[in-house]
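> Structure here, sequence nowhere to be found:
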C-alpha cells in the first residue's frame, strides 16, 4: 500500500525588506495536520508556525455539551495539557456562534499555550465546514464576524 503525504509550507511575504521575525507557516490541511505531522514539521523547522486543522466548534463543543466535553475534544486533538509540548501552534476555529466561541477560546488559552487563535473566514469548501454558516460565508456577514472576533 502506498501512502502519499502532502506537505504544504507557506512563507510569509518578504516585502521590500526581509525581516528576522518571519517564519514558515505549515498550513492547516483537513485530515493531515494532526499532532504527529506537526511534530515532524517542528523537527524539520523548529521555528515554523504550525496550524491545527480547522476545528469546527460544533464538533468540539456542541451546544448540548459542557466545557468538560470541550476539554476532552481538545485532549484528543492536542494531547492533555500537562503533556502538551507543541510550540508556535495556531488553533484555527470555525464558528458562527459568538457566545460559544468565546467560552471555547477562553478555555483553550487557559489550558494550552497557543501562539494565536484564528477564526476561519475564508474556507470555501463545504467539506471543511464552510458551507453556509461559517468559513467564507462570514464575509457576507460583517456584523456577525465582528461579534465573533470581539
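Good, I have the coordinates. Computed from a predicted model, the values in this text were never measured in an experiment.

> Downstream of the strand ranked longest in the chain, the next helix or strand is which one?
Secondary structure of the chain read by DSSP state E shows that its longest strand is strand 89-94. Using DSSP states H and E, the helix or strand that follows strand 89-94 in sequence is helix 98-111.

> What are the buried residues along the helix or strand following that next one?
For helix 98-111, the following helix or strand on the C-terminal side (DSSP H and E) is strand 116-119. Across strand 116-119, burial judged by 16 or more other C-beta atoms under 10 Å covers 118-119. Yep, even glycine has a C-beta here, placed from its N, CA and C like the rest.

> Begin at 44, not 1, for the rest of this chat.
Done: numbering now begins at 44, and the last item shifts to strand 159-162.

> Work out the sheet partners of strand 159-162 and label each with its direction, please.
strand 132-137 (parallel) (DSSP bridges).

> Taking their axis directions, the partner strand and helix 141-154 sit at what angle?
On the basis of axes from the mean of the first three to the mean of the last three C-alpha atoms, to 10 degrees, strand 132-137 is oriented at 160 degrees to helix 141-154.

> picking up where we left off before, show me what the mean pLDDT comes to for the longest strand of the chain.
Taken as a whole, strand 132-137 has an average pLDDT of 90.

> what does stretch 80-93 give?
Taken as a whole, stretch 80-93 has a mean pLDDT of 85.

> swap in stretch 182-193?
87.

> which parts of it are buried?
For stretch 182-193, burial by neighbour count (16+ other C-beta under 10 Å) applies to 188, 191.

> same question, stretch 139-156
Here stretch 139-156 shows 139-140, 143-144, 147-148, 151, 154 as buried, counting by 16+ other C-beta under 10 Å.

> Equivalent analysis for stretch 79-96, please.
Buried, per 16+ other C-beta under 10 Å, within stretch 79-96: 80-81, 84-85, 91-96.
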